[in-house]
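A.B. asks: got a predicted structure plus its sequence, pasted below:
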Amino acid sequence: MHPRSVFNKEPDFNRLAEKYESFNKFVKVGNNKRAYIDFKDPEAVKQLTVCLLKDQFDIDIDFPLDSLCPAVPNRLNYILWLQDLIDDTLTDAKDIIGIDIGVGASCIYPLLGCATDLNWRFLGTDIDLRSIDYAIENVKRNHLEDRITIKHTADPSKIFLLEDTVPVYTFSMCNPPFYSSQEELDEGLDNKELEPSAVCNGSNGEMITEGGEYGFISRMIEESLILQKRVIWYTSMMGLKRTIRPLVRLLKESGISNYVVTNFTQGNTTRWAIAWSFYDNRPTHIKMLESWLPKYSFEVELPQNTDVVHSFLKPILDDLDIGHVVSGDEDGEIILDCTVDKNTWSRAARRQRKRQKLEQEEEKSENPFQFKLELSSSQSPSLSYLQIIWLKGGDRPMFEGFWSHLKKRIEENCGIYRGSTFSK
Ligand SMILES: C[S@@+](CC[C@H](N)C(=O)[O-])C[C@H]1O[C@@H](n2cnc3c(N)ncnc32)[C@H](O)[C@@H]1O
């Protein structure tokens with residue numbers, strides 16, 4: 001569950017029943033005096049969704065009983081994680097406009113997004129005309145016509161339906177149909193892959209798509225390769241853990257190196273999300289699954305305390321003409337924000353620098369990059385960890401080349417020698 005979620009404890013059915021007559025009739029009390037509802041009754045689950053949205057966000061919705069009934073806490077987790085992703089990577093983003101692909105009849109994501117962040121606007125799309133009609137009504141019911149636009153995608157093989165009036169969308173989001181066939185859906189139900197509210201009869205179009213969710217998200221990746229920077233963060237939820245590996249492989253094969261995978265757990269249900277970008281701002285603080293991280297962070301253990309390592313680092317960074325400022329220094333942790341304007345560490349670059357110094361010439365790199373160095377102490381007072389995190393700009397060979405250079409020099413300063421030594 002997201003730490004900012006209002007659903008960090010189970011909903012109080014008694015309180016909801018007292019407040020909402022429409023919910024009251026579905027609430028029963030067990031022998032243990034606990035109130036409960038029959039999660040196999042679509043009307044009861046629908047009323048729970050309707051009342052939770054009204055109670056927590058003052059959102060009014062309606063949707064047909066034979067369509068997917070959105071589990072509100074789980075949908076909120078995705079919205080809150082998106083907010084984190086934006087805060088983490090787009091510090092000066094003001095006018096935020098997102099796309100919800102497959103908005104559904106409930107229009108749940110745009111409504112929750114607008115209720116939790118007043119700066120957000122949405123374009124919601126769907127291939128299903130009845131869902132489009134309901135979604136439009138739900139937007140009107142909440143007087144959000146100026147913030148949420150709903151559009152019909154006529155061709156189901158197309159994913160993105162962008163408006164010419166919006167040059168760049170901040171993000172796209174999607175809860176795609178998970179399964180590729182009725183058999184796969186039945187198997188998923190047997191394996192309890194779906195949440196209890198799935199008894200709310202997701203229709204075939206909501207649950208099934210060609211190639212299942214892997215097929216859907218891979219089509220999204222293919223279209224993103226054409227759209228590139230029209231969307232800053234492309235994201236999608238995944239219902240099946242087995243989808244992560246082939247998608248990450250596809251991103252790597254497509255040359256996309258800025259991506260992140262996370263999970264959302266709510267009660268017994270776990271969902272995953274993937275985000276990728278053609279921009280170079282990399283997330284550093286949001287919740288992400290380490291095992292799926294692209295390698296943009298390295299760490300070395302050093303036999304000196306953080307103050308000593310810091311005193312070794314400064315002259316090395318100065319020698320390489322790398323701008324560095326201390327942005328944090330507390331509890332045995334020192335953080336340095338660094339900017340590289342040009343390659344000054346490769347052998348060829350060092351030879352050229354010597355020549356240029358003589359000729360008093362200066363040349364800036366066309367591709368500057370930024371990174372962070374985090375020095376943290378360990379349990380032992382004479383040990384510390386130096387971590388480098390690639391934040392933006394540059395390219396992978398440049399970043400990795402710089403790290404091997406820095407690692408070698410700092411290790412030598414600390415008395416660790418591996419093979420040939422660094423010479424200026
Ligand atoms: C799992 S439902 C999600 C509905 C809603 N967003 C939610 O979370 O409850 C998937 C939705 O995607 C829609 N869909 C399927 N293919 C689509 C496409 N190519 N473009 C837009 N929507 C599509 C379906 O009609 C369905 O409404």
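C.D. replies: Done, it's in.

A.B. asks: I59 in helix, strand or coil?
C.D. replies: coil (DSSP: H, G, I helix; E, B strand; the rest coil).

A.B. asks: gap between the closest residue to it other than its chain neighbours and the ligand?
C.D. replies: Nearest residue to I59, sequence neighbours excluded (C-beta to C-beta, 6 or more residues apart in numbering): L53, at 4.1 Å. Where C-beta positions appear, they are placed from N, C-alpha and C, glycine not excepted. Going from L53 to the ligand by C-beta to the nearest ligand atom, to the nearest Å gives 12 Å.

A.B. asks: count of neighbours near L53?
C.D. replies: By the measure other C-beta atoms under 10 Å, the count of residues near L53 is 23.

A.B. asks: again with D321
C.D. replies: Neighbour number of D321 under other C-beta under 10 Å is 13.

A.B. asks: tell me the predicted confidence for it.
C.D. replies: Listed pLDDT for D321 reads 90.

A.B. asks: returning to that earlier point: which residues touch the residue nearest to I59?
C.D. replies: Counting by C-beta atoms under 8 Å, 6 or more residues apart in numbering, L53 touches 59-61, 72, 111-112.

A.B. asks: surely Y214 touches R245?
C.D. replies: No: counting by C-beta atoms under 8 Å, R245 is not a contact partner of Y214; they are 9.8 Å apart.

A.B. asks: about what we covered before: so which strand or helix has the residue nearest to I59?
C.D. replies: Element membership for L53, per DSSP states H and E: helix 42-57.

A.B. asks: for A17, same thing?
C.D. replies: helix 13-19.

A.B. asks: can you give me the buried ones in whichever helix or strand comes after that helix?
C.D. replies: Next helix or strand after helix 13-19 toward the C-terminus (DSSP H and E): helix 21-24. Using 16 or more other C-beta atoms under 10 Å as the test for burial, helix 21-24 gives F23.

A.B. asks: stretch 22-33 now?
C.D. replies: Under 16+ other C-beta under 10 Å, the buried positions of stretch 22-33 are 23, 26-27.

A.B. asks: just put those in a markdown table and tack on pLDDT.
C.D. replies: Below are the buried residues of stretch 22-33 laid out as a markdown table (pLDDT from 0 to 100):
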| residue | pLDDT |
| --- | --- |
| F23 | 93 |
| F26 | 94 |
| V27 | 92 |
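
A.B. asks: of those residues, closest to L406?
C.D. replies: L406 has its nearest neighbour among the buried residues of stretch 22-33 in F23, at 60.2 Å by C-beta to C-beta.

A.B. asks: ok, now how distant is the residue of the chain found nearest the ligand from W233?
C.D. replies: Of all residues in the chain, the one sitting closest to the ligand is G102 (2.2 Å; C-beta to the nearest ligand atom). According to C-beta to C-beta, to the nearest Å, G102 stands 17 Å off from W233.

A.B. asks: ok, R350 next?
C.D. replies: 38 Å.

A.B. asks: these two: which is more packed in?
C.D. replies: W233 (25 against 16).

A.B. asks: ok, back up a step: out of Y214 and R245, which sits in the busier spot?
C.D. replies: Ranked by neighbour count (other C-beta under 10 Å), Y214 and R245 place Y214 first, with 21 against 12.

A.B. asks: number of nearby residues for the residue lying closest to the more buried one once chain neighbours are set aside?
C.D. replies: Excluding its sequence neighbours, the residue lying closest to Y214 (C-beta to C-beta, 6+ apart) is T243, at 4.9 Å. By the criterion of other C-beta under 10 Å, T243 has 22 neighbours.

A.B. asks: cool, and the one 4 residues further on?
C.D. replies: Residue crowding around L247 was assessed by other C-beta under 10 Å; the count is 23.

A.B. asks: next: the one 5 residues further on.
C.D. replies: Other residues near K252 come to 12 when the count uses other C-beta under 10 Å.

A.B. asks: next one: K54
C.D. replies: 17.

A.B. asks: which residues touch the spatially closest residue to it that is not a sequence neighbour?
C.D. replies: Among residues not flanking K54 along the chain, D60 sits closest, at 6.3 Å (C-beta to C-beta, 6+ apart). With contacts defined as C-beta under 8 Å, 6+ apart, D60 is in contact with 50, 53-54, 138, 141-142.

A.B. asks: swap in A105?
C.D. replies: 63-64, 67-68, 128, 130-131, 134-135, 138.

A.B. asks: buried subset of these, written for PyMOL?
C.D. replies: The PyMOL selection below is limited to those of the contacts of A105 classed as buried (16+ other C-beta under 10 Å):
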select buried, resi 63+64+67+68+128+131+134+135+138
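
A.B. asks: no further queries at this time; thank you.
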